[in-house]
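1. Show me how the following folds:
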Amino acid sequence: MKKHTWFQLEEHSEVYFGQYIVPNFMSNSIAIRTSEHHWILISPGEKMLAEWIERWKNPETKISIILPNSFHYMGVNAWLKVFPDALLYASQKAKKRLLKKGFHGILELESNRPELPKGYDVLIPPGHRGGDIWISKQGHNNNNLWITCDSFLNYDRVSNQPVARALQAILGAAPGLKISQVIKWLLLDGKMKFKPWALSQLEKDRPSILIPSHGEVEHDVALTEKLRELIMLRL
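-> From the prediction side, this is the model:
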């Protein structure tokens, strides 16, 4: 059985990401170590749980889980079985659908922010049907980080699976840094709000590192300019 590994982000040593396939597409889980015994997990995949337990779980370990939109919940129940006292966070908009999926005690990020290390901010993009949550961090030497949800994709190649490859072509989802047509057609219910917000936040944060929910982590000193061009072109 293939072991699913967590990788440390070199520029931000408290950040780890794990990659797994569901279904046929690469997905990312993110773990941010906020203190010696506390972690924040974003989109924690079930396949990433075993190695995380092996490396970091001890009797004092506590976790909080951010569900970055109302669709990114499929691995959460597996983590809750191991960490039944985990705090759950989501946007107010995402919470409505997540309650119907059986999740309870969700804290709304608009009024309840998890304790994050210095330099972090929780971003709530307007105009997203699923109630997206992003995380930003200002780093040293302009190594600013964005952790986004489904707005951006970054597959380094097209899929080997014929159906997945065809969908990527139709939707403009690969290869490289993309905004898929799915975003425009299904996930944005307020494009006129999202676009100016995204451009303004981009200028404020000026990220050079991107961890999207799907695809490869991107390191590029020109990332801000590339994302601006992409937003202008696709939206």
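
2. Centroid-wise, who is the farthest residue in the protein?
-> P59 (27.4 Å; C-alpha atoms, centre = their mean).

3. low-scoring stretches of this structure, by residue?
-> 1-3, 23-24, 157-175, 182, 185 (pLDDT under 70).

4. one more time with 90
-> Residue ranges of the chain with pLDDT under 90: 1-4, 20-26, 115, 141, 150, 153-191, 233-235.

5. In this protein, which helix is the longest?
-> Criterion DSSP state H: the longest helix present in the chain is helix 191-205.

6. Report the contact partners of the nearest residue to E115 once chain neighbours are set aside.
-> Nearest residue to E115, sequence neighbours excluded (C-beta to C-beta, 6 or more residues apart in numbering): T34, at 5.7 Å. The way it works is simple: take the backbone N, C-alpha and C, and place the C-beta from them, glycine included. Counting by C-beta atoms under 8 Å, 6 or more residues apart in numbering, T34 touches E14, I40, P114, E115, L116, P117.

7. Off-centre distance for stretch 198-206?
-> Relative to its chain's centre, stretch 198-206 lies at 17 Å (C-alpha atoms, centre = their mean, to the nearest Å).

8. Over to stretch 97-105?
-> Counting by C-alpha atoms, centre = their mean, stretch 97-105 comes out at 19 Å from the chain centroid.

9. Endpoint to endpoint, stretch 112-123 covers what distance?
-> One end of stretch 112-123 to the other measures 13 Å (C-alpha to C-alpha, to the nearest Å).

10. ok, now stretch 116-123?
-> 13 Å.

11. Repeat that for stretch 180-196.
-> 18 Å.

12. Which positions within that stretch qualify as buried?
-> S180, I183, L187, L188, F194, K195 (16 or more other C-beta atoms under 10 Å).
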